[in-house]
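Novice: Sequence plus predicted model, see below.
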Amino acid sequence: MDKSQNNRAWFLVLPVLVLVAFSAVIPLMTVVNYSVQDTFGNNAFFWAGLEWFEEIITSERIHAALGRQVLFTAIILAIQVPLGIFVALHMPKKGFWASLCLILMAMPLLIPFNVVGTIWQIFGRVDIGLLGRVLTALGFDYNYTSDWLDAWATVIVMDVWHWTSLVALLCYAGLQSIPEAYYQAAKIDQASRWAVFRHIELPKMRGVLLIAVLLRFMDSFMIYTEPFVVTGGGPGNATTFLSIDLVKMAIGQFDLGPAAAFSIIYFLVILLISWVFYTVMTNLDRETK
Amino acid sequence: MKRPGSAIVMTLYLLFLMVPVYWLVNMSLKTNAEITRTFTLWPQDLTFQNYVTILTDPSWYMGYVNSLTYVAMNTVISITVALPAAYAFSRYRFLGDKHLFFWLLTNRMAPPAVFALPFFQLYSSVGLFDTHIAVALAHCLFNVPLAVWILEGFMRGVPREIDETAYIDGYSFPRFFVRIFMPLIASGVGVAAFFCFMFSWVELLLSRTLTSVNAKPIAATMTRTVSASGLDWGVLAAAGVLTLIPGGLVIWFVRNYIAKGFALGRV
């Protein structure tokens, strides 16, 4: 659609601008402020320059947390995206069953994050949880509070449980927009199931898939509550992801300077990667028009 | 369902989704003695005592009232400010529009953990700490950009000619917007409201940081009880089950638009 040039449109955007400035810009400036200053308490601050940034960039603790975070996000994307597509392809197209599937699949998305954690904490416990009990009965030495591999597996399965539906729902929306005629043409050409997927379904899902990957990347990169409730970042530091580490540093130890520097680097990393996604996305939008 | 293979896949997937929920519900209907001493697939000694505990104790049920209060406030604020902005983005080109749009989106990308401490200080300094409006405003951080995105997607689908015809017919902008345009994007508004509700409802880190007593959300009440009484699993499970209900209700209303909404109106 052609848009007309009109700078008075700024007035319509103004309320959003004021609100977001209050709830984002002011707090962000506080963070920037802390990141370049040091304090001995009593609200007396003095200039520290880039000291905190150097400390964070060279800190092994942060490197380890970043490593875990990248690994976690990579695993999450590698599981949820293919699984989501797979589920979407098998969803009923319309009628009662379609509605039922939609509602049941959306359920996990509307559960408060810490309740998701609680559900899996209860579900996985060896003494009272169904999962823990069954795995133990099958002869596995499963215990997510003491074994790091079990803790990782639990957190990953929990996230798959929590968010795969989002990818599936998005792909489902993309698939719904494919006209029936495409499939009929494919049938006449005797296209294989794979060819239909590769040349009809996948291109139609490209746009929504990108949104799905963007959302899943952002949210898994800032995951906090769910693993915190289940494992508390442990055993040891095995599931201490970036946000958990940050909250520990800022609110637990009250190391304002390093925490602020950490925040800024953390935000910039997410911003950079998301910007790449966003650029690709808008370019795709333009191509298809 | 046409293909039996699909039915099997979907059944397995839905089972995977529902089994942990079943276990939660199962536990909420048991006594603590049954939970810790025996292992049963359904309650042998069916009890609603856990629910009674929650629904009769103000320190518990006020958590739900608080959560629903700030969620409702947040939804209203987000939609109200997002509507005109989304209209501007969908209809006009103006100085810096693309950058502004991306900047809005960056707020959705900001890790709440980054904002927890500065929010605490900001709202304390303006005297809003531990009020519902503080949490509602804080959640605007990610809900307003989201609402703008979704609404813009829906508004793009409305042809421009409708606007122009209305102006020629002598409608003023506010009257056109409320009388003609809003009904056309009603489903978009519904979906945007649903998403604001959802993300405000599930968020815990910020709402916990910004409240202590008067506006404490149910989710935070739950975490405190775990650490304090240690093993009251039945009540914890019952509280969890009760948090599923508002979500379940709103899904029902938007079930036909939910997929389009997740695509931010861009399908």
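Specialist: Right, received. Where do you want to start? Numbering: from 1, shown residues only, chains lettered A, B, ... in the order given.

Novice: Tell me how chain B divides into domains.
Specialist: B:1-47, B:59-262 (automatic domain parsing).

Novice: what element comes up after the helix or strand hosting B:L146 heading to the C-terminus?
Specialist: Assigned by DSSP states H and E, B:L146 falls within helix B:132-156. Once the chain leaves helix B:132-156, the next helix or strand it forms, by DSSP H and E, is helix B:160-168.

Novice: In a markdown table, list the domains of chain B along with distance to A:I273, mean pLDDT and mean neighbour count.
Specialist: Yep, even glycine has a C-beta here, placed from its N, CA and C like the rest. Below are the domains of chain B laid out as a markdown table (distance: least, Cβ to Cβ, whole Å; pLDDT from 0 to 100; neighbours: other Cβ atoms under 10 Å in any protein chain shown):
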| stretch | distance to A:I273 | mean pLDDT | mean neighbour count |
| --- | --- | --- | --- |
| domain B:1-47 | 29 | 82 | 15 |
| domain B:59-262 | 9 | 84 | 20 |
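
Novice: Ok, which of those comes nearest chain A?
Specialist: Judged by Cβ to the nearest Cβ, the one of the domains of chain B that comes nearest to chain A is domain B:59-262, at 2.8 Å.

Novice: Give me the distance between the closest one and the centre of its chain.
Specialist: Put simply, domain B:59-262 sits 6 Å off its chain's centre (Cα atoms, centre = their mean, to the nearest Å).

Novice: which one's the longest helix in the chain?
Specialist: Since no chain was named, I'll use chain A. If you go by DSSP state H, chain A has its longest helix at helix A:256-288.

Novice: please go with chain B instead
Specialist: helix B:58-91.

Novice: and it, is it in reach of chain A?
Specialist: Yes - on the criterion Cβ under 8 Å from any Cβ of the partner chain, helix B:58-91 is in touch with chain A at B:I77, B:T80, B:V81, B:A82, B:P84, B:A85, B:Y87, B:A88, B:F89, B:S90, B:R91.

Novice: tell me the centre residue of chain B?
Specialist: B:M198 (1.6 Å; Cα atoms, centre = their mean).

Novice: what's the pLDDT at A:I75?
Specialist: Per-residue pLDDT puts A:I75 at 94.

Novice: no no, A:N42
Specialist: On the pLDDT scale, A:N42 is placed at 59.

Novice: Please apply the same query to A:I273.
Specialist: So, for A:I273, pLDDT stands at 83.

Novice: for the closest residue to it other than its chain neighbours, what are its contacts?
Specialist: Counting by Cβ to Cβ, 6 or more residues apart in numbering or on different chains, A:F217 is the residue found nearest to A:I273 once chain neighbours are left out, at 6.6 Å. With contact taken as Cβ atoms under 8 Å, 6 or more residues apart in numbering or on different chains, A:F217 is in contact with A:T73, A:L77, A:I273, A:S274, A:F277.

Novice: and stretch A:72-79, how far from the chain's centre?
Specialist: Put simply, stretch A:72-79 sits 10 Å off its chain's centre (Cα atoms, centre = their mean).

Novice: Tell me the buried residues in it?
Specialist: Neighbour counts over stretch A:72-79 (16 or more other Cβ atoms under 10 Å in any protein chain shown) mark A:F72, A:T73, A:I75, A:I76, A:L77, A:I79 as buried.

Novice: Just the pLDDT for the one residue in the stretch 1-150 of chain A that gets nearest to chain B.
Specialist: Residue of the stretch 1-150 of chain A nearest chain B, by Cβ to the nearest Cβ: A:L110 (2.8 Å). At A:L110, the model reports a pLDDT of 87.

Novice: Pretty sure it sits against B:G247.
Specialist: Yes - A:L110 is within contact range of B:G247, at 2.8 Å (criterion: Cβ atoms under 8 Å).

Novice: which neighbours do the two share?
Specialist: Common contact partners of A:L110 and B:G247 (Cβ under 8 Å, 6+ apart): B:M198, B:W201.

Novice: For chain A, identify the residue most remote from the centre.
Specialist: The centre of chain A is farthest from one residue, A:I188, which by Cα atoms, centre = their mean lies 41.2 Å away.

Novice: so where does the residue nearest to A:I273 fall, helix or strand?
Specialist: Using DSSP H and E, A:F217 sits in helix A:202-221.

Novice: For A:P227, give its distance to A:A74.
Specialist: Applying Cβ to Cβ, to the nearest Å, the value for A:P227 to A:A74 is 16 Å.

Novice: What parts of the stretch 151-289 of chain A come near chain B?
Specialist: A:161, A:165-166, A:169-170, A:172-174, A:176-177, A:207-208, A:211, A:218, A:221-222, A:224-225, A:229, A:242-243, A:246-247, A:250-251, A:256, A:259, A:263, A:266-267, A:270-271, A:274-275, A:278, A:285.

Novice: Assign a three-state SS to A:F140, would you?
Specialist: coil (DSSP: H, G, I helix; E, B strand; the rest coil).

Novice: Could you tell me which ranges of the stretch 151-289 of chain A sit under the pLDDT cut-off?
Specialist: The stretch 151-289 of chain A contains residues with pLDDT under 70 at A:285, A:287-289.

Novice: Just put the domains of chain B in a markdown table and tack on distance to A:L28.
Specialist: Listed next are the domains of chain B as a markdown table, based on distance: least, Cβ to Cβ, whole Å:
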| stretch | distance to A:L28 |
| --- | --- |
| domain B:1-47 | 37 |
| domain B:59-262 | 7 |
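
Novice: Go through those and name the closest to A:L17.
Specialist: Taking Cβ to Cβ, domain B:59-262 is the member of these nearest to A:L17, at 7.8 Å.

Novice: just checking, what packs against the longest helix of chain A?
Specialist: On a contact count with 3 or more Cβ pairs under 8 Å, 6 or more residues apart in numbering or on different chains; DSSP states H and E, helix A:256-288 meets helix A:26-35, strand A:37-39, helix A:51-57, helix A:202-221, helix A:242-247, helix B:97-109, helix B:112-125.

Novice: so which of the ones you listed gets nearest B:N32?
Specialist: helix A:242-247 (29.8 Å).

Novice: Skip the chain neighbours and tell me the closest residue to residue 62.
Specialist: Going with chain A. Ranked by Cβ to Cβ, 6+ apart and with sequence neighbours excluded, the top spatial neighbour of A:I62 is A:I56, at 5.6 Å.

Novice: Chain B is the one I meant
Specialist: Nearest to B:M62 is B:K216, by Cβ to Cβ, 6+ apart, at 7.6 Å.

Novice: what secondary structure does that neighbour sit in?
Specialist: coil.

Novice: wait, isn't it in contact with B:G63?
Specialist: Yes - the criterion here is Cβ under 8 Å, and B:K216 meets it with B:G63 at 6.0 Å.

Novice: Check which helices and strands the helix or strand just after the helix holding A:F217 is in contact with.
Specialist: Later in the chain than helix A:202-221, the nearest helix or strand by DSSP H and E is helix A:225-231. Applying 3+ Cβ pairs under 8 Å, 6+ apart, we find helix A:225-231 packed against helix A:113-124, helix A:148-176.
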